[in-house]
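Engineer: Model the following, please.
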Amino acid sequence: MSLRNQPRESRLSRRHFLRGAAMAATAFTFVPGHVLGLNGATSPNEKLNLAGIGIGGQGGVDIDNLNSENIVALCDVDWRLAAGMFKKYPQAKQHKDYRKMLEEQKDIDGVVVGTPDHSHFFASMAAIKQGKHVYCEKPLTHSVWEARTLAAAARKQKVATQMGNQGQASEETRRLCEMVWDGAIGPVREVHIWTDRPSNGLFNEYWPQGVNRPTDTPKPHEELDWDLWLGPAPARPYHPAYTPFKWRGWWDFGTGALGDIGCHAMDSVFRALKLGHPTSVQASSTRVNAETYPLGSMVTYEFPARGDMPACKLVWYDGNIRPARPEELEDGQFMGDNGCLLIGDKGKLLGQKLIPEAKNKAYTQPPKTLPRSLGHYKEWIEACKGGQAAGSNFDFAGPLTEVVLLGNIALRSALRIDLTQAKLQWDGANFKFTNLPEANQFLRREYRQGWGV
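Structural biologist: Numbers count the residues shown, from 1 in each chain. Model prediction:
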């Protein structure tokens with residue numbers, strides 16, 4: 001899920017951040033859905049029957065962007081939070097449990113999953129198993145194993161999919177790829193990506209991290225089904241410290257700053273540099289505990305050479321930590337609270353611009369060689385109707401999510417001492433860490449009784 005119940009100012013900040021995104025090769029090779037044999041493809045002239053699962057925050061925004069189709073069902077465990085969407089779409093049947101919804105309501109063609117991160121996999125998998133198309137907010141899943149498993153299931157069932165990293169469809173996305181492939185900065189060997197999440201200042205938190213579990217046990221309001229909200233996560237008493245939206249900073253429910261923004265910010269780099277599995281990952285952070293992600297962290301991935309592209313290092317920063325200011329950036333110019341710096345043999349790209357400014361002005365932009373997007377949401381609608389595969393379909397989104405979430409494993413408190421002595425060596429093909437077997441337990445999670453796969 002994306003920014004659930006977030007203030008308007010923060011959403012505007014996210015939109016500003018997403019303008020700097022860019023896209024990669026695999027998603028530009030569009031293949032018509034009927035060629036892929038998409039399951040249950042709807043006629044291009046018919047409207048889809050869509051259901052929303054988790055509609056009180058970003059999931060509701062997604063539904064509003066898909067309302068050219070028939071909205072036939074809305075499901076949320078918190079009917080107080082969902083009340084506005086229920087009122088906006090009175091024709092849609094109302095549900096609290098998506099499992100019952102999918103079992104009872106047979107007119108659904110596709111689902112839009114906007115739940116907290118820990119329920120993404122289960123809601124998406126339940127729909128895929130019934131042959132329904134799936135739009136799922138980012139990050140695709142809560143664990144690395146879930147990302148690989150969900151992508152494989154979608155491929156097997158031949159359903160149309162899309163992850164909610166909306167910037168992948170932008171013009172800026174394609175222009176960055178075209179610049180990198182044009183050789184604007186030469187072979188790229190280093191990338192730095194940063195965000196102000198989880199806090200952009202002392203008194204302005206997006207959500208809390210670096211805190212301990214509350215000890216008091218207030219009762220949830222009567223319109224919230226707390227047991228359903230927990231879903232597969234370990235049982236614990238309700239507390240307003242978890243919901244709405246504050247869940248993102250807790251290990252059991254969210255994926256922290258890296259999970260929140262990584263699938264947006266890394267998307268562009270993955271496409272432009274044609275990245276796949278990293279060979280290693282290591283991290284440093286403020287003090288981390290077993291309950292929440294740290295206040296700030298730095299995660300370093302190393303990727304092998306790809307074709308004619310050299311090996312490269314990607315460094316992630318959150319909690320207002322930034323890389324060193326590049327010497328090519330003139331005094332007075334702002335690096336930004338959220339940004340991306342690509343370092344090549346012949347120059348540097350800060351966002352969409354070469355630095356220094358004189359070099360950017362002298363550069364001749366390459367021709368537009370990549371197909372342009374119909375629009376992020378329109379891509380999925382067209383794919384469901386037998387059109388081209390969406391730009392962030394699960395065959396792309398799954399591997400991207402895997403890499404993002406590998407960084408969170410390197411932040412685990414249980415591994416902290418070991419990881420001061422070695423970086424995690426990753427064998428993506430065989431799905432395991434090769435030098436620290438204890439880390440493999442964090443590739444997937446245990447589910448609460450009654451929530452097995």
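
Engineer: drop to CA atoms for contacts and neighbour counts, all remaining ones
Structural biologist: Fine.

Engineer: Give the helix, strand or coil label for Glu190.
Structural biologist: What DSSP: H, G, I helix; E, B strand; the rest coil gives for Glu190 is strand.

Engineer: quick one: it and Asp345 touch, right?
Structural biologist: No - using Cα atoms under 8 Å, Glu190 is not in contact with Asp345, being 9.6 Å away.

Engineer: More neighbours: those two, which one.
Structural biologist: The neighbour comparison of Glu190 against Asp345 (other Cα atoms under 10 Å) goes to Glu190, with 18 against 13.

Engineer: which residues touch the more buried one?
Structural biologist: 312-315, 342-344 (Cα atoms under 8 Å, 6 or more residues apart in numbering).

Engineer: Neighbour count and distance to Gly386 for those - can I get that in JSON lines?
Structural biologist: Output for these, formatted as JSON lines (neighbours: other Cα atoms under 10 Å; distance: Cα to Cα, whole Å):
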{"residue": "Cys312", "neighbour count": "21", "distance to Gly386": "37"}
{"residue": "Lys313", "neighbour count": "19", "distance to Gly386": "38"}
{"residue": "Leu314", "neighbour count": "20", "distance to Gly386": "36"}
{"residue": "Val315", "neighbour count": "20", "distance to Gly386": "38"}
{"residue": "Leu342", "neighbour count": "21", "distance to Gly386": "37"}
{"residue": "Ile343", "neighbour count": "21", "distance to Gly386": "40"}
{"residue": "Gly344", "neighbour count": "19", "distance to Gly386": "40"}
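
Engineer: Tell me the one of the residues you listed nearest Thr300?
Structural biologist: Proximity of the contacts of Glu190 to Thr300 (Cα to Cα) peaks at Val315, which lies at 4.4 Å.

Engineer: name the helices or strands packed onto the helix or strand containing the closest one?
Structural biologist: When elements are assigned from DSSP states H and E, Val315 belongs to strand 312-318. Where contact means 3 or more Cα pairs under 8 Å, 6 or more residues apart in numbering; DSSP states H and E, strand 312-318 is packed against strand 188-194, strand 297-303.

Engineer: For Tyr238, find the nearest of those strands.
Structural biologist: strand 297-303 (28.3 Å).

Engineer: for that closest one, what is the average pLDDT?
Structural biologist: In this model, strand 297-303 has a mean pLDDT of 97.

Engineer: And the contacts of that strand?
Structural biologist: Strand 297-303 has contacts (Cα under 8 Å, 6+ apart) with 275-286, 311-319, 321, 407, 410.

Engineer: Show the contacting residues for Leu400.
Structural biologist: 263, 266-267, 270, 276.

Engineer: next one: phi and psi at the closest residue to Gln94 other than its chain neighbours?
Structural biologist: With Cα to Cα, 6 or more residues apart in numbering as the criterion, Gln94 has its nearest non-adjacent residue at 5.1 Å, and that residue is Leu74. Main-chain torsions, Leu74, degrees, to the nearest 10: phi -130, psi 130.

Engineer: ditto for Arg175
Structural biologist: Note on Arg175: backbone dihedrals following degrees, to the nearest 10 are phi -70, psi -40.

Engineer: any idea how the protein splits into domains?
Structural biologist: Residue ranges for the domains of the chain, per automatic domain parsing: 8-166+374-394, 171-204+254-373+402-443.

Engineer: comparing those, which gets the lowest mean pLDDT score?
Structural biologist: With a mean of 86, domain 8-166+374-394 has the lowest mean pLDDT of those.

Engineer: Please state the offset of it from the chain centre?
Structural biologist: Here domain 8-166+374-394 is found 13 Å from its chain centre; the criterion is Cα atoms, centre = their mean, to the nearest Å.

Engineer: Also stretch 406-420?
Structural biologist: Taking mean C-alpha positions (Cα atoms, centre = their mean), stretch 406-420 and its chain are 21 Å apart.

Engineer: again with stretch 320-327
Structural biologist: 24 Å.

Engineer: Now that stretch: buried residues?
Structural biologist: By neighbour count with 16 or more other Cα atoms under 10 Å, stretch 320-327 contains the buried residues 320-322.

Engineer: So for Arg213, which of the helices and strands packed on strand 312-318 sits nearest?
Structural biologist: That would be strand 297-303 among the helices and strands packed on strand 312-318, by Cα to Cα, at 20.5 Å.

Engineer: tell me the strands in the stretch 251-400 of the chain, going along the chain?
Structural biologist: Under the criterion DSSP state E, counting those that start in this stretch, the stretch 251-400 of the chain contains strands at 280-285, 297-303, 312-318, 339-344, 347-350, 353-355.

Engineer: quick revisit: can you name the residues bridging to the residue nearest to Gln94?
Structural biologist: Beta bridges link Leu74 to Gly52, Gln94 when assigned by DSSP bridges.

Engineer: That one - how many residues pack around it?
Structural biologist: 28.

Engineer: if I look at it, how far off is Asn212?
Structural biologist: Relative to Asn212, Leu74 is positioned 34 Å away (Cα to Cα, to the nearest Å).

Engineer: again with Tyr206
Structural biologist: 17 Å.

Engineer: which of the two has more neighbours?
Structural biologist: Neighbour totals were compared for Tyr206 and Asn212, and Tyr206 leads with 21 against 11 (other Cα under 10 Å).

Engineer: Next, give phi and psi for Ala439.
Structural biologist: Main-chain dihedrals, Ala439, degrees, to the nearest 10: phi -70, psi -20.
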